[in-house]
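# When you get a sec, could you give me coordinates for this:
(one chain, ligands or ions: 1)
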Amino acid sequence: MTTPQSQFLGTGSFLPERVRTNADLEAMVDTSDTWIRERTGISERRIADESMLASDMAARAAERAMEAAGVTADELDMIVVGTVTGDMQMPATAVFVQQKIGATNCPAFDVSAACAGFIYGVQIADAFIRMGTMKRVLVIGVELLSRVIDWSDRTTCVLFGDGAGAAVLGPSDGERGVLSACIHSDGSLAGSLKIPFGEKVQMIGRDIFKAAVRNLYSASQEAVEKSGLAPSDIDWVVPHQANTRIIDQVVRRAEYPPEKVLSNIATVGNTSSASIPILLDQAVRKGTIKPGDHVLMSALGAGVSWGALVLRY
Ligand code: UT7
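From the prediction side, this is the model:
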């Protein structure tokens with residue numbers, strides 16, 4: 001069994017109030033509620049108002065995570081933001097978050113790993129905490145995908161939603177924390193999911209679907225094996241919320257009981273890098289995930305880039 005070096009001290013999330021239902025989309029493109037629910041598991045998603053920026057959502061999620069962790073902005077040693085829909089091309093969305101939460105003196109930068117952004121961010125935080133150079137790291141996943149979606153393209157517009165999730169990580173108490181992790185990329189599929197400059201999301205859904213099932217299964221197996229736990233020790237699976245059919249195929253292959261697999265895709269859709277931290281925060285606040293529970297997270301997105309980690313929460 002591995003000894004954790006960093007642990008989650010608190011989580012937070014933020015979802016915009018405005019709901020866009022499948023019925024709303026039926027009025028916009030040639031689709032149906034039945035097709036969307038059966039092919040993806042999504043019933044509705046949240047869409048941010050025009051005045052809202054990614055950093056606004058990220059700052060709200062961050063404040064909730066810091067409150068849960070009992071950590072103030074001036075105690076933060078680093079801010080890592082996973083996003084592909086940040087406020088500007090430059091500077092990093094992380095520095096706008098830094099400004100909004102009043103964290104005056106710490107490095108802040110973005111990670112571009114699409115839907116795997118939060119998993120990548122947690123591993124960066126874990127590495128710095130392991131080195132002993134940092135004690136409080138804020139990791140955020142935030143996406144404002146509604147701004148980069150072609151709302152006349154039925155193959156993509158039904159999938160995505162806006163939102164933010166965050167966690168504060170700190171040194172482990174020796175029991176709780178990140179037990180194992182892995183990250184990977186396969187650039188041969190770089191063209192299958194992209195947002196070219198000045199354009200909207202373009203996706204070859206089938207290619208991404210197949211890559212997701214294959215790689216999320218192998219990364220989950222890799223992370224569990226590295227953790228020293230048996231698959232039956234995993235209490236909760238917190239998978240990236242891209243498509244219920246992807247999740248079902250992965251967990252069936254890995255033989256996790258369906259009642260251990262958490263999901264919120266029906267109400268939030270695919271929020272890319274925000275997906276896992278939103279689901280995690282909801283489960284923690286509901287009391288579903290409790291301190292000491294073993295949690296497996298995995299995500300894959302554009303790149304394709306993917307990863308998994310096992311946590312004793
Ligand atoms: O977050 C990580 C990145 N994203 C993903 O992981 C998404 C991965 N891909 C997927 O989830 C699925 O591929 C989709 C949900 C995007 C598409 O589902 P699919 O079962 O792979 O459908 P398909 O692309 O093979 O299309 C089947 C049919 C096509 O019609 P024809 O050619 O058979 O007549 C599509 O035009 O479904 C049609 N279609 C739709 N019909 C109604 C595609 N989108 C829609 C729609 N409503 N919204």
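
# hey, let's count contacts and neighbours off CA atoms from now on
Noted.

# neighbouring contacts of the helix or strand where A127 lies?
Assessed by DSSP states H and E, A127 sits inside helix 117-131. Counting by C-alpha atoms under 8 Å, 6 or more residues apart in numbering, helix 117-131 makes contact with 5-6, 80-83, 111, 113, 134-141, 169-171, 178, 181, 183, 273-274, 276-277, 297-299, 307-309, all of which sit outside it.

# where does the stretch 51-200 of the chain have low pLDDT?
For the stretch 51-200 of the chain, no stretch has pLDDT under 70.

# mind redoing it with 90?
Applying pLDDT under 90 to the stretch 51-200 of the chain picks out residues 104-105.

# For whichever residue of it sits closest to the ligand, pull up the helix or strand it's in.
Closest approach between the stretch 51-200 of the chain and the ligand, counting by C-alpha to the nearest ligand atom: T155, at 3.8 Å. Per DSSP H and E, T155 falls inside helix 154-157.

# relative to helix 117-131, how tilted is the very next helix or strand once past that helix?
Sequence-wise, the next helix or strand downstream of helix 154-157 (DSSP H and E) is strand 163-171. Interaxial angle of strand 163-171 relative to helix 117-131 (axes from the mean of the first three to the mean of the last three C-alpha atoms, to 10 degrees): 10 degrees.

# Could you confirm whether any residue of strand 163-171 contacts the ligand?
No: no part of strand 163-171 sits near the ligand under the criterion C-alpha under 6 Å from any ligand atom; the closest distance found is 13.8 Å.

# rewinding a little: got a list of contacts for the helix holding T155?
Here helix 154-157 makes contact (C-alpha under 8 Å, 6+ apart) with V29, D30, T31, I149, D150, W151, V201, Q202, M203, G205.

# and the helix ranked longest in the chain, what other elements does it pack with?
For the chain, the helix that runs over the most residues, judged by DSSP state H, is helix 205-227. Packing partners of helix 205-227 (3 or more C-alpha pairs under 8 Å, 6 or more residues apart in numbering; DSSP states H and E): strand 177-185, helix 244-254, strand 294-301, strand 305-312.

# Show me what counts as buried in the second one.
Spelled out, that is helix 244-254. Within helix 244-254, the residues that qualify as buried are T244, I246, I247, Q249, V250, V251, counting by 16 or more other C-alpha atoms under 10 Å.

# For burial, what's the neighbour tally of A27?
By other C-alpha atoms under 10 Å, the residues close to A27 number 10.

# how far away is it from the ligand?
For A27, the distance to the ligand (C-alpha to the nearest ligand atom, to the nearest Å) stands at 12 Å.

# What of V304?
Per C-alpha to the nearest ligand atom, V304 is found 9 Å from the ligand.

# And the contacts of the helix or strand following the longest helix of the chain?
Going down the chain from helix 205-227, the next helix or strand is strand 236-239, by DSSP H and E. Strand 236-239 is contacted from outside by 247, 260-263, 276, 279-280, 289, 293-299, using C-alpha under 8 Å, 6+ apart.

# now check strand 236-239, is it near the ligand?
No: Strand 236-239 does not reach the ligand (C-alpha under 6 Å from any ligand atom); its nearest approach is 10.8 Å.

# what's the neighbour count on P91?
Residues near P91, counting by other C-alpha under 10 Å, number 12.

# still on that earlier bit, among the contacts of strand 236-239, which ones are buried?
Members of those classed as buried by 16+ other C-alpha under 10 Å are 247, 261-263, 276, 279-280, 289, 293-299.
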